[in-house]
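K.L.:
here you go, sequence then predicted model.
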Protein chains: 2
Amino acid sequence: MKKGRIIILSGPSGVGKGTVLREVMRRRPELRFSISATTRPIRPSETDGVNYHFISREAFEKLIADDALLEYVTYANNYYGTPEKPLDEANAQGISVVLEIEAQGALKVFERRDDVISIFIAPPSYAELERRLVGRGDTAPEIMQERLRIARWECEVAKKYQYIVVNDNIERAADQIDAILTAEGCRAEYQSMILFEEEK
Amino acid sequence: MKKGRIIILSGPSGVGKGTVLREVMRRRPELRFSISATTRPIRPSETDGVNYHFISREAFEKLIADDALLEYVTYANNYYGTPEKPLDEANAQGISVVLEIEAQGALKVFERRDDVISIFIAPPSYAELERRLVGRGDTAPEIMQERLRIARWECEVAKKYQYIVVNDNIERAADQIDAILTAEGCRAEYQSMILFEEEK
């Protein structure tokens, strides 16, 4: 049986990655979606183990001390991260797991391991993204400036991902991610064992 | 405009690579098929520039001396090879070119450049390939032994290609090659310029 893979998906706010990801998961129901852990308090609309695994600061800091996280970031004085063991266990069972994470966390994953599939969902252009973000018009100028600054940085780090999929059309973006997952399954390092396998 | 790519396709005799390749070219008529050069005499059924570019031994040896060949091999006292310049010219115009070449030539390409897409078309298993080759039953035993030896060596070098596509079904093999070409078009090194391009 083939090992599953870790699939990292990132993209700037406003690029439509949630919609593209839902379409990919609809086409490939065998994919599992990774749930992050966080120390942020649960909100009334949220369910533990669905939106996040809500854990204590002590528990999270133990995961850090044990080097048990694939990646983590700090945001507004709370931790957000991905425990590594459940991913390795799913992969060993042949299950591929999708992580929708921020570029900041993704860069940490790339330093830690080289066997992940990484896809950055990009706007047709930075100018277009700016139009989409500003077009919402519901935000204070200083927050908007900060969002644009982050989006610009994210587009700059996009080249550190293996693949960049431009979301100018949801179906086409999903087609391309589908093709990337098929192609990665044909990589020689995952396929070469099959040729002589039955003779062993 | 995006640069075209060189696509190397190999696979053992009897694996059905001609059929798979025709299906791929049918789906992607924008691909160009590379015509090799050879010093072997033209046969009555052949057309110069269609089956091969038939050239003199002197002309071929000048290409070797000028380091103008992407790869070449010697077989039955004749040269077979691929001039590099027409490929580079096509790629610069955005045209991708498919080379159907033997593994021996492909390995030379991998040493020469790292920007090609390489796909090995494999049988479902070596045992299956053996059955297909022997099943033809039209060949002297010593020639059959030689073919099996070559096929076995080819399956062993398959892991030096980037991708291995198993031809258990022509449509599925063509789907996978299609997906590989789409995925390669999404590689960050080919895509990353688009994000800020229009602002320059």
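P.N.:
Noted; the coordinates are in hand. All values derive from a computational prediction rather than experimental measurement.

K.L.:
you'd agree residue A:25 is up against residue A:98?
P.N.:
Yes - using CB atoms under 8 Å, residue A:25 is in contact with residue A:98, at 7.3 Å. Using the backbone N, CA and C atoms, a C-beta is placed for each residue, glycine as well.

K.L.:
common neighbours of the two, please.
P.N.:
Listed as contacting both residue A:25 and residue A:98 by CB atoms under 8 Å, 6 or more residues apart in numbering or on different chains are A:31, A:33.

K.L.:
who has more neighbours out of those two?
P.N.:
Neighbour count, other CB atoms under 10 Å in any protein chain shown: between residue A:25 and residue A:98, residue A:98 has more, with 22 against 15.

K.L.:
can you tell me the SS state at that one?
P.N.:
strand (DSSP: H, G, I helix; E, B strand; the rest coil).

K.L.:
could you find the closest non-adjacent residue to it?
P.N.:
If the residues on either side of it in the chain are set aside, residue A:98 comes closest to residue A:7, at 4.7 Å by CB to CB, 6 or more residues apart in numbering or on different chains.

K.L.:
which SS class is the one you found?
P.N.:
Per three-state DSSP, the local secondary structure of residue A:7 is strand.

K.L.:
burial count for it?
P.N.:
23.

K.L.:
swap in residue A:135?
P.N.:
Using other CB under 10 Å, residue A:135 is surrounded by 9 other residues.

K.L.:
burial measure for residue A:44, as a count.
P.N.:
Applying other CB under 10 Å, I find that residue A:44 has 4 neighbouring residues.

K.L.:
make sure it is indeed in a helix.
P.N.:
No - counting by three-state DSSP, residue A:44 is not part of a helix but coil.

K.L.:
neighbouring strands - and their directions - for the strand or helix carrying residue A:74?
P.N.:
Here residue A:74, judged by DSSP states H and E, is contained in strand A:69-75. Strand pairing for strand A:69-75, using DSSP bridges, gives strand A:78-83 (antiparallel).

K.L.:
can you name the element that comes right after the strand it pairs with?
P.N.:
Going down the chain from strand A:78-83, the next helix or strand is helix A:85-92, by DSSP H and E.

K.L.:
so which bits of chain A are right by chain B?
P.N.:
For chain A, the residues in contact with chain B (CB under 8 Å from any CB of the partner chain) are A:119-120, A:122-123, A:125-127, A:155, A:158-166, A:175-176, A:178-180, A:182-184, A:186-189, A:191-192, A:194-199.
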